[in-house]
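Trainee: when you get a sec, could you give me coordinates for this:
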Amino acid sequence: MIAADLETAIDGLRDLIGSAQRIVPFTGAGISTECGIPDFRSPGGVWTKNRPIPFDEYLASEEARREAWRRRFNIEATFAQAKPGRGHLALASLYRAGQVPALVTQNIDNLHQASGVAPQDVVELHGNTTYAACLDCGQRYELEPIRARFESNDEELPDCDCGGIIKTATISFGQSMPGDAMRRAQQLATECDLLLAVGSSLVVWPAAGIPLMAKRNGARLVIINREPTEFDEFADLVVRNDIGDALAPFIRH
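Mentor: Numbers count the residues shown, from 1 in each chain. Reported below is the predicted structural model:
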């Protein structure tokens, strides 16, 4: 069912959420746009301004790595200033109430953790841009020391003590999906009785298969997204209102 208006959408959400025991949110870029973080695909999005740097190019080219770090530091203020929006806060409320065991996200902005969801219960399919890691040994690195050195030493590239290449902890085009995160997301999808797909265009695979997996395993499926998705016909409820407006009634302080 496609909700005819905001009131109908909220009523439908209230019924489905109220009757669910195990809810798994699956979130995409749309939940963070009200926080000032632009998405990637829409007009004016990140990828309309800069061509994505594929993983193999990042590995092979020092200049590609420099460009990747330039881009990351140029958007640092955007991520640093962003605060959780109403959608994040509503999902965190359901988490604190015990209805959400964990959530799955395609986002890299760390806002679910900032909203109060424990880091171990945020399943990040596309990684996290708020820190970096060595691609060889996995050592974590904070961004500020890397930025200071990069900007004061003629764009010196960071290298790990083990000799490996350091990269923001995000998943680039051509880079393998995180196996543990995918397995946990699939397990959550098979065990939930309601999946809330919030702010995702549901076009990026294999992540986009998670909501359908939940539906095929008997869960109810809600899609909350401004634009239509290819999965709308399978959903029990489709909400095309503003995400913050639709989820605000579920915020509990």
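Trainee: from here on, contacts and neighbour counts on C-alpha atoms
Mentor: OK.
Trainee: quick one: stretch 132-148 to chain centroid distance?
Mentor: 20 Å (CA atoms, centre = their mean, to the nearest Å).
Trainee: buried ones in it, by neighbour count?
Mentor: Neighbour counts over stretch 132-148 (16 or more other CA atoms under 10 Å) mark 132-135, 140-141, 143, 146-147 as buried.
Trainee: and the end-to-end length of that stretch?
Mentor: End-to-end distance for stretch 132-148: 14 Å, by CA to CA, to the nearest Å.
Trainee: also stretch 136-145?
Mentor: 20 Å.
Trainee: my guess is Ala114 contacts Pro84, does it?
Mentor: Yes: the pair Ala114 and Pro84 qualifies as a contact (CA atoms under 8 Å) at a distance of 6.6 Å.
Trainee: who has more neighbours, these two?
Mentor: Ranked by neighbour count (other CA atoms under 10 Å), Ala114 and Pro84 place Pro84 first, with 22 against 16.
Trainee: just confirm that one is within a helix.
Mentor: No: counting by DSSP: H, G, I helix; E, B strand; the rest coil, Pro84 is not found in a helix; it is coil.
Trainee: if I look at it, how far off is Cys35?
Mentor: 6 Å.
Trainee: Thr170 now?
Mentor: Taking CA to CA, one finds Thr170 at 20 Å from Cys35.
Trainee: show me which of those two is the more surrounded one.
Mentor: Counting neighbours by other CA under 10 Å for Thr170 and for Cys35 shows that Thr170 has the greater number, 22 against 19.
Trainee: what sits opposite that one in the beta ladder?
Mentor: Per DSSP bridges, the residues bridged to Thr170 are Gly127.
Trainee: ok, now Ile165?
Mentor: Bridge pairing for Ile165 - DSSP bridges - gives Asp159.
Trainee: what is the neighbour count of it?
Mentor: By other CA under 10 Å, the residues close to Ile165 number 18.
Trainee: any idea which helix or strand carries the spatially most central residue of the chain?
Mentor: Here the mean C-alpha position of the chain is nearest to the C-alpha of Asn107 (CA atoms, centre = their mean), at a distance of 1.7 Å. Assignment of secondary structure by DSSP states H and E places Asn107 within no helix or strand.
Trainee: can you get me a residue count around Pro206?
Mentor: 11.
Trainee: again, but for Glu76
Mentor: Neighbours of Glu76 (other CA under 10 Å): 15.
Trainee: quick one: pLDDT of it?
Mentor: pLDDT, Glu76: 89.
Trainee: same check, this time on His253
Mentor: Reported pLDDT for His253: 81.
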